[in-house]
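Visitor: quick one, structure for this:
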Amino acid sequence: MTDDLADKSCKPCEGGIPPLSSEQAQKLLQGLHADWSMTDDGRSIRRRFEFPAYSRTLGFANAVAWIAIAEGHHPVLTLEYGACTVEYWTHAVDGLTDNDFICAAKIDRLPGLE
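Guide: Residues are numbered from 1 along each chain as shown. Prediction:
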C-alpha cells in the first residue's frame, strides 16, 4: 500500500470536506512504515527519525522539505541534534486527509531509511 500512496500526488485542500474517519485513517496508516503513529486525538500522524549526526538530520529535513514543496503539503518538523520528528495533518480540515498519508509514504521511500 505504501507504494500506491507514494505514487499519488496531493490534491489542493481548502476545506469544505470532512477529515478522514478513524477507520479510514487506520487503514491508510497500515500502509506506512510501522514507526508512523496516530496521535491520541486522531487528528495527525507522526514519526520520529533518528540519525547519527546533526548533518544527517539536516539533510533529512531538507529532503522532507523538498517533498513538502513539491506536493504543496507541509508538515511540522521538529529538529534535534540526532532526530527529526515529522507530523502531518491537514490544517484546512483540522484532521487527516489522504494528502497526509501520501506525503508520509513519500518520506518512507527516501534512501537510507530502512
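
Visitor: which of the three states applies to I69?
Guide: helix (DSSP: H, G, I helix; E, B strand; the rest coil).

Visitor: any idea how far it lies from S22?
Guide: From I69 over to S22 the distance is 30 Å, taken as Cβ to Cβ, to the nearest Å. All C-beta atoms are positioned from the backbone trio N, CA, C, and that covers glycine.

Visitor: under the pLDDT cut-off, which ranges of the chain? List them.
Guide: 1-3, 114 (pLDDT under 70).

Visitor: let's go with 90 and repeat that
Guide: 1-4, 7, 10-17, 111-114 (pLDDT under 90).

Visitor: now the helices for it?
Guide: 2-6, 22-29, 54-71, 98-108 (DSSP state H).

Visitor: would you turn those helices into a markdown table with mean neighbour count and distance to T90?
Guide: Below are the helices of the chain laid out as a markdown table (neighbours: other Cβ atoms under 10 Å; distance: least, Cβ to Cβ, whole Å):
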| stretch | mean neighbour count | distance to T90 |
| --- | --- | --- |
| helix 2-6 | 15 | 15 |
| helix 22-29 | 15 | 11 |
| helix 54-71 | 15 | 12 |
| helix 98-108 | 23 | 6 |
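
Visitor: nearest to T85, of those helices?
Guide: T85 lies closest to helix 54-71 among the helices of the chain, at 10.4 Å (Cβ to Cβ).

Visitor: and that closest one, what does it pack onto?
Guide: With contacts taken as 3 or more Cβ pairs under 8 Å, 6 or more residues apart in numbering; DSSP states H and E, helix 54-71 sits against strand 76-80, strand 83-88, helix 98-108.

Visitor: in the sheet, who's paired with the spatially closest residue to R46 that is not a sequence neighbour?
Guide: Distance criterion Cβ to Cβ, 6 or more residues apart in numbering; nearest residue to R46, sequence neighbours excluded, is E87 at 4.1 Å. E87 has these beta-bridge partners by DSSP bridges: R46, V76.

Visitor: E87: neighbour count?
Guide: 16 (other Cβ atoms under 10 Å).

Visitor: so it sits right up against R48, yeah?
Guide: No. Contact criterion Cβ atoms under 8 Å: E87 and R48 do not qualify, at 9.7 Å.
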